[in-house]
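K.L.:
have a look at this prediction, sequence included:
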Amino acid sequence: MNLLKIVKKAWKVLSRTAIKQLAHFDGTSYTKAYTKHLRKYGMDIEGLPRYIATTATFDGNDYSIIHLGEGCVISSDVQLLTHDYSIARGLQAIGKNNPEPYKDELFLKGISIGKNSFIGARTLLMPGTTIGDNCIIGAGSIVKGTVKDDSIVFGNPAKFYCKTSEWAEKNIKSTNTLLRNKNAIIQIFKE
């Protein structure tokens, strides 16, 4: 790696670290600044995410193959993994790997998160995953493939539970309170 690449990488890491410190003081300013930072490095972001946790990890091989929809939430310790080096080990097993050191073959596939979707804490999104609009991905899930719009999925591997809209309707009817923010509880009365 030449000196210019090292300096650029160091600047990227230092600026990301500084931006993440904003989250401790002002979540909205942090989200705006971090979104701008991610776009600068090529990520496709529609509008403004609702929130991206400071501990979320985006695979740095190619940010341009990651799409985030307007209003999405990415919780703590979520990993978006766009690369897979397992093919290099498979090719090595049959004697067809790249003989040049540190030049392994890899799969590189994008990840897309739709509008208003929520990705629960410690979820792993595998290469090639597409999550539709208005989805909820349960905490600790491992997701690969396509999650249709208006779906709740969870588990390892993540499986469909129900429609997001049906779940929301059921929960509005079954509770008397809905926490709106840190300072107020709004009463939801049963009909």
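P.N.:
Nice, I can see it.
K.L.:
can you map out the helices along the chain?
P.N.:
Assigned helices in the chain, in chain order: 3-21, 27-40, 86-93, 164-173 (criterion: DSSP state H).
K.L.:
among the ones you listed, which is the most enclosed?
P.N.:
helix 27-40 (a mean of 15; mean count of other CB atoms under 10 Å). C-beta coordinates here come from the backbone N, C-alpha and C atoms, glycine included.
K.L.:
follow-up on the earlier one: tabulate the helices of the chain in CSV, adding columns for distance to residue 134 and mean pLDDT.
P.N.:
Putting the helices of the chain into CSV (distance: least, CB to CB, whole Å; pLDDT from 0 to 100) gives the following:
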stretch, distance to residue 134, mean pLDDT
helix 3-21, 28, 86
helix 27-40, 20, 93
helix 86-93, 32, 85
helix 164-173, 5, 87
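K.L.:
of all those, which one is nearest residue 116?
P.N.:
Of all those, the one in closest proximity to residue 116, counting by CB to CB, is helix 164-173 (9.0 Å).
K.L.:
circling back to that earlier point, using JSON lines, lay out the helices of the chain together with distance to residue 123.
P.N.:
As requested, the helices of the chain are arranged in JSON lines below (distance: least, CB to CB, whole Å):
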{"stretch": "helix 3-21", "distance to residue 123": "19"}
{"stretch": "helix 27-40", "distance to residue 123": "18"}
{"stretch": "helix 86-93", "distance to residue 123": "20"}
{"stretch": "helix 164-173", "distance to residue 123": "16"}
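K.L.:
and of these, who's closest to residue 71?
P.N.:
helix 27-40 (10.9 Å).
K.L.:
ok now that closest one, how far from the chain's centre?
P.N.:
14 Å (CA atoms, centre = their mean, to the nearest Å).
K.L.:
what packs against that helix?
P.N.:
Under the contact criterion of 3 or more CB pairs under 8 Å, 6 or more residues apart in numbering; DSSP states H and E, helix 27-40 touches helix 3-21, strand 44-45, strand 51-52.
K.L.:
ok, the last one: who's next to it in the sheet?
P.N.:
The pairing partners recorded for strand 51-52 under DSSP bridges are strand 73-74 (parallel).
K.L.:
quick one: contacts of the strand it pairs with?
P.N.:
49-53, 56, 68, 80, 113, 117-119 (CB atoms under 8 Å, 6 or more residues apart in numbering).
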